[in-house]
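Student: okay, predicted coordinates and the sequence, questions at the end:
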Amino acid sequence: MDTVRRIIEQLHPDGLSGLLRPVDAERAGPTRLAADGKSARGSRTRTRTAAHLLAVIDQDSQVVAQLRVPDKSNEIPCLREVLAPLDIEDALVSADALHTQTETARFLVEEKKAHYLLTVKLNQPTLYDSCRRLPWRKATVKCYDRNVGHGRKETRVLQVLTASHLHFLYARQAARVIRHRTDTTTGKRTRETVYVITDLPSRKAKPQDIALGVREHWKIENKIHYVRL
């Protein structure tokens, strides 16, 4: 086991993911991609910070690309770097609130001919407030998603509205996701409201499609990154 561990420690994560990448991933491009970063468990030493990996998975939960975020950098420019060599035309790329940046949206839509599904939280207060003030009572369709895992029960209620005046590059629709969580051990209940924006118009992305994109994005934390911390 010590030999195996030493070999794995010497492997470059991006090179390893490239070897494991499906043969047609770069040629055809997946329908949905989710990107997220986490620190690798057990990688911190006395002289080295923990390895922070930014990974991209497809709709089949396969890692199609990943890289180690440099110690003096952050995930924002690395997202463009990890996606640059991939053929992702027409793919829907989802990412958390850290990546809700104008330059990221421009890169995806203009350079990669892809689409984005980006989370909006209070780190973008103006955009968050614009999403909050949308007429959500007019959203007649609600999508429900329920799951149990990691010591909690969670129900998500999603509504979608056309939103062409959010002052974010290419934004065409916004979704409101209300997450109800119950701790299965303590019984404690919490509620969180998250907003999501996309450049896809309603004729190309129905509420059910956006709900699926949101659900697929959270898979990267539950199925891929959960073991890294």
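Tutor: Arrived safely. Remember, predicted model here, so these are calculated numbers, not experimental data.

Student: can you pull out the low-pLDDT segments for the protein?
Tutor: Applying pLDDT under 70 to the chain flags the ranges 1-2, 4-30, 40-50, 72, 221-229.

Student: what segments of it are helices?
Tutor: Remark: helices assigned in the chain by DSSP state H are 2-10, 13-20, 25-28, 75-83, 102-106, 125-132, 207-219.

Student: so which elements touch the fifth one?
Tutor: Okay, so that is helix 102-106. helix 75-83, strand 115-120 (3 or more CB pairs under 8 Å, 6 or more residues apart in numbering; DSSP states H and E). Bear in mind the C-beta positions are built from the backbone N, C-alpha and C, glycine included.

Student: swap in the fourth one?
Tutor: Helices and strands touching helix 75-83, by 3+ CB pairs under 8 Å, 6+ apart, are strand 32-39, strand 52-58, strand 63-68, helix 102-106.

Student: now stretch 144-154, how far from the centre of its chain.
Tutor: From the chain centre to the centre of stretch 144-154 is a distance of 18 Å (CA atoms, centre = their mean, to the nearest Å).

Student: and it, which residues are buried?
Tutor: 145, 152, 154 (16 or more other CB atoms under 10 Å).

Student: do the same with stretch 62-74
Tutor: Result for stretch 62-74 [16+ other CB under 10 Å]: buried residues 63-69.

Student: likewise for stretch 103-120?
Tutor: Those would be 104-105, 107-108, 112, 114-120, for stretch 103-120 by 16+ other CB under 10 Å.

Student: for it, C-alpha coordinates in CSV please.
Tutor: Included here for stretch 103-120 are C-alpha records, laid out as CSV according to Å, rounded to 0.1, in the frame of the first residue of the first chain:
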residue,chain,number,x,y,z
GLU,A,103,-15.4,37.3,-17.9
THR,A,104,-16.4,33.8,-17.2
ALA,A,105,-19.8,34.3,-19.0
ARG,A,106,-18.0,36.0,-21.9
PHE,A,107,-15.5,33.1,-22.2
LEU,A,108,-18.2,30.5,-22.2
VAL,A,109,-20.6,32.1,-24.7
GLU,A,110,-18.3,33.9,-27.0
GLU,A,111,-15.2,31.8,-27.1
LYS,A,112,-16.5,28.3,-26.3
LYS,A,113,-19.9,28.7,-27.9
ALA,A,114,-21.3,27.1,-24.8
HIS,A,115,-24.0,28.1,-22.2
TYR,A,116,-23.8,28.9,-18.5
LEU,A,117,-25.8,28.1,-15.4
LEU,A,118,-24.4,30.2,-12.6
THR,A,119,-25.4,30.5,-9.0
VAL,A,120,-26.1,33.9,-7.5
